[in-house]
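Peer 1: here is my input, please return the structure:
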Amino acid sequence: MKTYTKQLNLSSQPKSTVELTDSLHQFLRETGVESGVMTVFCRHTSCSLVIMENADPSARYDLERFLDRLVPEDDPDFTHTLEGPDDMPSHIKMALTRTSESIPISRGRLMLGTWQGVFLWEHRAISHQRGIVVTIQG
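Peer 2: As a prediction, the model looks like this:
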């Protein structure tokens, strides 16, 4: 069994999702792994990863708006606000979602469902440079 690791560096957009699926497929092709597992890990505390529908962007928009209502920026009980009103809500949103995803590999393909994509979910109100670590074992 071999292990391959790569860091993806990308610019996020404020409070939105960025699809990583094509980059993940490309890295898998580069390794030649036919069977195993891919782990995708987000190295930050104010964004997260989500496997979500990739056919209709309105599904991600609705998810983003729902989480904004669940964790509003104007909560007067937040004390961790040094970096602005989106600081603590971003950390809570990250804690409620995921910082890593594991995806099985079979026959040289990620075993994602027909409408599934892997997304970086930026919770901050400004763009950031984000690092995503991808590891393939197989």
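
Peer 1: where do the strands sit along the protein?
Peer 2: Using DSSP state E, the strands found in the chain span residues 3-11, 17-19, 36-42, 47-53, 100-106, 109-110, 116-122, 129-137.

Peer 1: tell me the helices and strands packed up against the first one.
Peer 2: In terms of contacts (3 or more CB pairs under 8 Å, 6 or more residues apart in numbering; DSSP states H and E), strand 3-11 is packed against helix 21-31, strand 129-137. C-betas here are computed from N, CA, C, even on glycine.

Peer 1: quick one: closest of those to residue 110.
Peer 2: Evaluated with CB to CB, the helices and strands packed on strand 3-11 place helix 21-31 nearest to residue 110, the distance being 6.3 Å.

Peer 1: what's the average pLDDT for the closest one?
Peer 2: Regarding helix 21-31, the rounded mean pLDDT is 98.

Peer 1: so which bits of that helix are buried?
Peer 2: 21, 23, 24, 25, 27, 28, 31 (16 or more other CB atoms under 10 Å).

Peer 1: what comes into contact with that helix?
Peer 2: 2, 4, 6, 8, 38, 40, 54, 103, 105, 108-110, 112, 117-118, 134, 136, 138 (CB atoms under 8 Å, 6 or more residues apart in numbering).
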